[in-house]
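Visitor: Here is my input, please return the structure:
(chains A and B)
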Amino acid sequence: MKRLLRPLINGILRENPILILMIGLCPALAVSSAAINGIYMGLAATFVLTGSNLLVSLIRKWVPDQIRIPIFITIIATFVTIVDMVMHAYAPDMYNILGIFIPLIVVNCIILGRAEAFAYHNGVIESLGDAIGMGLGFTLILIVIGGIRELLGNGTLFGFQIMPSSYKPVILMILPPGAFLTIGFLQAIQRYRGGKS
Amino acid sequence: MGERFYVSAPPHIRSKYDARYIMHQVTIALIPPTIAGIIFFGGRAILILLISIASSVLWQRLVLYIKGERRPLDGSELVTGLLLGLNLSPLVPWWIPIIGTFVAIVLAKELFGGLGFNIFNPALIARAFLVVSWPMEMTTWMFPYSATQATPLSGITQATPLTLLKLQHTYTPYINLFLGNRGGCIGETSVLALLIGAGYLFYKGIIDWKIPIPYIFTVGILALIFRQDPLFHIMAGGLILGAFFMATDYTTTPITKPARVIFGIGCGIITILIRLFGGYPEGVSFSILFMNAMTPLLDRWTIPKPFGYKTLGRNV
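Guide: Numbers count the residues shown, from 1 in each chain, chains lettered A, B, ... in the order given. Got it, this is the predicted structure:
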């Protein structure tokens, strides 16, 4: 159990992919204009990450070192195709909003990075914990970024009106600069906290 | 040492011309356009300018307090606040300048390291932020008092000359453009007052011709090429204000002489492209911000060659 939990917590807090490892920023910037997008994007990435980490750590002893990257990409692409088709079938609205960023999970650095850096060198259970931890850390931050941007830029949270009707939304926050500003502030807070402890 | 010892913005030379002196000179030069704005737009303009300056100083003090720097203010927050206020329509809601100065002082200046380290002109970043975020509030213009019998603080909305040109293809008479009797931002309308202020800066040696003059000429020549009225394009909108007071900011413009001329020409090209082919009626602020981003490249591109300097031939 400990072998599962330690990488899991590590992924959420100490090595949070966006705030600390600074990987996977592209989808974090692109689809975080609303909190609900963050949930779907995060869950899709978590599913792919779990699948790829599991498979990679299972076959890691038979993978020749020279061609490991193409093998990883093929594994990842398989799971992305599954996510792509499932979302297209069961959540077409969200599929239209996330659009190109679902297929682009293939080249998401978190997934390839964890396969290469963690799953390729560790056992199945640790890899599973790492995948879930990293995925949840990614999802959590996406929801936080999306929530902040949605609240300031649209006055809503998960689609519910939060701000009073006299509130004039900061349109910039749901545009790309808002994503950069929000991530910058979150990373600054993270570093400030890290520097204290 | 202790509290009295502080490191001001460079250059660290014993001279009267330190950052604070220059900032105060710029403030003095901004007085004529401020007065013109108040004459044409009345109490509403005073209110917006006061809120802008006060909130700018407050944000600066707050940042210094949080950073733990016990040093006197250097006058740049005064210039930033005043410039931002002059760049707003007199009809903006009261909270617009407060948020604007927050963006200018905290986001655009202090987070990059304070005066001398900011990449972009703080007042222009704030203006761009506001225009993108609240397009309605930021583009509701006011008709100047001297032209109507409007009661103070009510104001009749009126499009700017550039908006009139873009939407209705009508030209505003030169005399209105020159004196400032037209819709627009508080500080951009009166070309006469702006030229007085710019003349003062030239006289004091605070700014040189290498950015503003190529900037204005480029706009004029390009207007001619595109079969527009060049004098109208020079006097309408914020070109005079931008060219003399914002494209000459020391921190965000190039150092070398050729780079400064290129900077001015680049600003002119982008301004006229936005005005004639872009979505916004006015392009001065975006053009200066764009060229701000080019500043390090321009500087690197035009490093002067020392006398007798030769590049070694490659023998590969």
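Visitor: so how many other residues sit close to the residue of chain B found nearest chain A?
Guide: Nearest residue of chain B to chain A: residue B:133, at 4.2 Å (C-beta to the nearest C-beta). Where C-beta positions appear, they are placed from N, C-alpha and C, glycine not excepted. Using other C-beta atoms under 10 Å in any protein chain shown, residue B:133 has 25 other residues around it.
Visitor: so it makes contact with residue A:172?
Guide: Yes. Using C-beta atoms under 8 Å, residue B:133 makes contact with residue A:172 at a distance of 4.2 Å.
Visitor: just checking, next helix/strand downstream of the helix or strand hosting residue B:124?
Guide: According to DSSP states H and E, residue B:124 maps onto helix B:122-133. Per DSSP H and E, helix B:122-133 leads on to helix B:135-138 as the next helix or strand towards the C-terminus.
Visitor: so does that next one get close to chain A?
Guide: Yes. Helix B:135-138 is in contact with chain A by C-beta under 8 Å from any C-beta of the partner chain, via B:135, B:137.
Visitor: Using CSV, write out every CA atom in that helix.
Guide: Taking C-alpha atoms only, helix B:135-138 is exported to CSV below (Å, rounded to 0.1, in the frame of the first residue of the first chain):
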residue,chain,number,x,y,z
PRO,B,135,-14.3,47.2,-24.4
MET,B,136,-17.7,48.9,-23.8
GLU,B,137,-16.6,51.1,-20.9
MET,B,138,-13.3,52.0,-22.5
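Visitor: List the buried residues in that helix.
Guide: B:137-138 (16 or more other C-beta atoms under 10 Å in any protein chain shown).
Visitor: Can you give the distance from it to the centre of its chain?
Guide: Centre-to-centre, helix B:135-138 and its host chain are 19 Å apart (C-alpha atoms, centre = their mean, to the nearest Å).
Visitor: Toward the C-terminus, what is the element adjacent to that helix?
Guide: Following helix B:135-138 in sequence, per DSSP H and E, is helix B:161-168.
Visitor: I'd like to know which elements whatever helix or strand comes next after that next one is packed against.
Guide: Next in sequence after helix B:161-168, counting helices and strands by DSSP H and E, comes helix B:174-179. With contacts taken as 3 or more C-beta pairs under 8 Å, 6 or more residues apart in numbering or on different chains; DSSP states H and E, helix B:174-179 sits against helix B:191-204, helix B:230-235.
Visitor: Which residues does whatever helix or strand comes next after the first one contact?
Guide: The element immediately downstream of helix B:191-204 (helix or strand, assigned by DSSP H and E) is helix B:212-225. For helix B:212-225, contacts defined as C-beta atoms under 8 Å, 6 or more residues apart in numbering or on different chains pick out B:198, B:229-234, B:239-240, B:242-244, B:247-248, B:261, B:264-265, B:267-269, B:271-272.
Visitor: Likewise for stretch A:48-65?
Guide: With C-beta under 8 Å, 6+ apart, stretch A:48-65 has contacts from A:71-72, A:75-76, A:78-80, A:82-83, A:105, A:108, A:110-111, A:114-115, A:118-124, A:126-128, A:130-132, A:134-135.
Visitor: per-residue confidence averaged over that stretch?
Guide: Mean per-residue pLDDT for stretch A:48-65: 91.
Visitor: Give me the distance between it and the centre of its chain.
Guide: The answer for stretch A:48-65 is 19 Å, by C-alpha atoms, centre = their mean.
Visitor: do the same with stretch B:95-104
Guide: 15 Å.
Visitor: Buried residues of it, list them for me.
Guide: B:96-104.
Visitor: Let's have those residues in JSON lines, adding pLDDT.
Guide: What follows is these, written out as JSON lines (pLDDT from 0 to 100):
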{"residue": "B:96", "pLDDT": "93"}
{"residue": "B:97", "pLDDT": "94"}
{"residue": "B:98", "pLDDT": "94"}
{"residue": "B:99", "pLDDT": "94"}
{"residue": "B:100", "pLDDT": "94"}
{"residue": "B:101", "pLDDT": "95"}
{"residue": "B:102", "pLDDT": "94"}
{"residue": "B:103", "pLDDT": "93"}
{"residue": "B:104", "pLDDT": "94"}
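Visitor: sorry, back to before: report the buried members of the contacts of stretch A:48-65.
Guide: The neighbour-count test (16+ other C-beta under 10 Å) applied to the contacts of stretch A:48-65 identifies A:71-72, A:75-76, A:79-80, A:83, A:105, A:108, A:110-111, A:114-115, A:118-120, A:122, A:124, A:126-128, A:130-132, A:134-135 as buried.
Visitor: Out of these, which sit inside helices?
Guide: Among the buried ones among the contacts of stretch A:48-65, DSSP state H puts A:71-72, A:75-76, A:79-80, A:83, A:110-111, A:114, A:124, A:126-128, A:130-132, A:134-135 in helices.
Visitor: now the chain, which segments are flagged as low pLDDT?
Guide: I'll assume chain A. A:195-197 (pLDDT under 70).
Visitor: ah, I was thinking of chain B
Guide: In chain B, residues with pLDDT under 70: B:1-6, B:8, B:10-11, B:145-159, B:311-316.
Visitor: just the residues of it that are near chain A, which are they?
Guide: Residues of chain B lying near chain A (C-beta under 8 Å from any C-beta): B:93, B:107, B:129, B:132-135, B:137.
Visitor: can you list the residues of chain A near chain B?
Guide: So chain A meets chain B at A:168, A:170-173, A:175, A:177, A:181 (C-beta under 8 Å from any C-beta).
Visitor: For the closest residue to residue A:173 other than its chain neighbours, list the residues it contacts.
Guide: Leaving aside its chain neighbours, residue A:173 sits nearest to residue A:153 (3.4 Å; criterion: C-beta to C-beta, 6 or more residues apart in numbering or on different chains). Remark: with contacts taken as C-beta under 8 Å, 6+ apart, residue A:153 is in contact with A:33, A:169-175, A:178.
Visitor: go again using 10 Å as the cut-off
Guide: For residue A:153, the contact set (C-beta atoms under 10 Å, 6 or more residues apart in numbering or on different chains) comprises A:33-34, A:169-175, A:178, A:182, B:133.
Visitor: Just the buried residues out of the residues you listed, in PyMOL syntax.
Guide: Under the burial definition 16+ other C-beta under 10 Å, those of the contacts of residue A:153 that qualify are selected in PyMOL by:
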select buried, (chain A and resi 33+34+169+170+171+172+173+174+178+182) or (chain B and resi 133)
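Visitor: Report the two of the contacts of residue A:153 separated the most.
Guide: Pairwise distances across those peak at 17.2 Å for A:34 and B:133 (criterion: C-beta to C-beta).
Visitor: From the centroid of chain B, which residue is nearest?
Guide: residue B:246 (3.3 Å; C-alpha atoms, centre = their mean).
Visitor: what's the spacing between that one and residue B:160?
Guide: Distance from residue B:246 to residue B:160, counting by C-beta to C-beta, to the nearest Å: 18 Å.
Visitor: Verify the stated contact: the residue nearest to the centre of chain B with residue B:289.
Guide: Yes. If you go by C-beta atoms under 10 Å, residue B:246 and residue B:289 touch, sitting 9.5 Å apart.
Visitor: Give me the common contacts of these two.
Guide: Common contacts of residue B:246 and residue B:289, defined by C-beta under 10 Å, 6+ apart, comprise B:121, B:124, B:127, B:252, B:267.
Visitor: residues contacting the third one?
Guide: By that I understand residue B:127. Applying C-beta under 10 Å, 6+ apart, the residues near residue B:127 are B:83-84, B:87-88, B:100, B:103-104, B:121, B:138, B:185, B:238, B:246, B:284-286, B:289.
Visitor: Go again with 6 Å.
Guide: B:87, B:285 (C-beta atoms under 6 Å, 6 or more residues apart in numbering or on different chains).
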